[in-house]
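> Provided below are the primary sequence and the corresponding predicted coordinates.
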Amino acid sequence: MTLGEIAKIIDAQVEGDSTRLITGISTLQAAKPGDITFLDNPKYRSYLGSTKASAVILSVADRSHCPCDALIVKSPYFAYATIAHVFAPKITAAAGIHPTAVIGKDCQIDPTASIGAHVTLEDRVIVGKRTQIRAGSVIGQDVRVGDDCLIWANVTIYYGVQIHHRVIIHSGAVIGADGFGFAPHEGQWHKIPQLGTVIVEDDVEIGASTTVDRGALEDTILGRGVKLDNQIQVGHNCQIGENTIVAGCSGLAGSTKIGKNCLLGARVGIAGHVEIADRVTLCAETTVMNSLKIPGKVYASGIGQLEYADWKKNMARFRSLDEYMRRLIALEKKINEKGTGEKPHDK
């Protein structure tokens, strides 16, 4: 592919030889002749002058520092994401049903769909156009999978789950398991049947080994365009708004409601029955105990890394905060009494 052809795909201005052949894509540091790369984050600008790439996607502000051909765009990172699809390996599967697949009664499988080796479809499963279900996946009764979905190997989708269109689910994910619902009575925990399901709307991506529990009474809903990283727990009745993205190892307790276009960093923990407004950012390891109702806010909690000796000192001080507070209040009281000449019983 030539540089000019790439420029048309990402709507870029070419500065250099538009006929130059581009054969791969890489980072600024690892690129070799024939590769295209990009610069978006300023902290990597120091690598620009020494890159061996044949071309760089960048903003106009960085053009003067570029030693090779350039494609000028407004958003280099988005342009890179777009062109990466061109160079990504095309992993496809032939349409049809593998002879080792187990197909239940009354299933409806579009002729253009691909059902891989040792896949199990239980009764009344519906599979849409061009959808691929890879080896070893198990799809429960009455599941509906829409068009152009990709379900990787060894995914488990429980009964009654609804998967809309263009959904990607990575290996090891479990969608629709029972929510964590138990009622205490006379010293024992009694299981509560989980009567809802999971609805996964269009263009959602679910990472490897992520679990999304079915609702207790209401459904668990992943809104359109939601992106979940690996090893995330989504509890029963949760609702995640459109285009919200959640990084790995985060946990959402039951009945959490997250707005649209939110960003949750890694290892975020959210207590049950909490509501979060649209466009909220939760930095990594933030713990949310109460609802956050102001849109667009950024929140953080936790302690960044310290040298071990400093961390130990600070933890010791933290345990003494209550004592320090009592001493401070007593000291302020003495200062106020001295300044006014009054004693507590005079007030």
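Happy to help now that I have it.
> how near is residue 278 to residue 236?
Separation of residue 278 from residue 236 (Cβ to Cβ, to the nearest Å) stands at 23 Å. All C-beta spots, glycine's among them, are computed from the backbone N, C-alpha and C.
> how many neighbours does residue 72 have?
Using other Cβ atoms under 10 Å, residue 72 has 20 neighbouring residues.
> sorry, back to before: quick one: which of residue 278 and residue 236 has more around it?
The neighbour comparison of residue 278 against residue 236 (other Cβ under 10 Å) goes to residue 236, with 27 against 16.
> name the nearest residue to the more buried one, ignoring sequence neighbours.
Leaving out its chain neighbours, the residue that sits closest to residue 236 by Cβ to Cβ, 6 or more residues apart in numbering is residue 179, at 2.4 Å.
> low-scoring pLDDT stretches of the stretch 51-200 of the chain, where are they?
Judged against pLDDT under 70, the stretch 51-200 of the chain has no low-scoring part.
> give me the mean pLDDT for whichever helix or strand residue 36 is part of.
Secondary structure assignment for residue 36, by DSSP states H and E: strand 35-38. Averaged across strand 35-38, pLDDT comes to 96.
> and if you look at stretch 314-331?
Averaged across stretch 314-331, the pLDDT comes to 91.
> got the contact list for that stretch?
Residues outside stretch 314-331 that contact it (Cβ atoms under 8 Å, 6 or more residues apart in numbering) are 303, 306.
> one more: stretch 73-80?
Stretch 73-80 has contacts (Cβ under 8 Å, 6+ apart) with 10, 11, 12, 13, 25, 38, 39, 40, 57, 58, 59, 71.
> give the buried residues for it.
By neighbour count on 16 or more other Cβ atoms under 10 Å, the buried set for stretch 73-80 is 73, 76, 79, 80.
> quick check: the first one vs residue 262, distance?
Right, the one you point to is residue 73. According to Cβ to Cβ, residue 73 and residue 262 sit 27 Å apart.
> on that earlier part again, could you list the paired strands of the following helix or strand past the strand holding residue 36 along with their orientation?
Later in the chain than strand 35-38, the nearest helix or strand by DSSP H and E is strand 55-58. Neighbouring strands of strand 55-58 in its sheet, by DSSP bridges, are strand 35-38 (parallel), strand 69-72 (parallel).
> output strand 55-58 as PDB - backbone C-alpha positions only.
In PDB, the C-alpha atoms belonging to strand 55-58 read as follows (Å, rounded to 0.1, in the frame of the first residue of the first chain):
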ATOM      1  CA  ALA A  55       6.600   7.600   7.400                       C
ATOM      2  CA  VAL A  56       5.100   8.900  10.600                       C
ATOM      3  CA  ILE A  57       1.500   9.900  11.300                       C
ATOM      4  CA  LEU A  58       1.500  13.000  13.500                       C
END
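> what about residue 338, which SS state?
Following DSSP: H, G, I helix; E, B strand; the rest coil, residue 338 is assigned to helix.
> OK, contacts around residue 281?
262, 263, 264, 265, 297, 298, 299.
> how close does it get to residue 241?
For residue 281, the distance to residue 241 equals 14 Å [Cβ to Cβ].
> list residues touching both of the two?
Listed as contacting both residue 281 and residue 241 by Cβ under 8 Å, 6+ apart are residue 262.
> wait, residue 72 sits on residue 59?
Yes. Assessed by Cβ atoms under 8 Å, residue 72 is found in contact with residue 59 at 7.0 Å.
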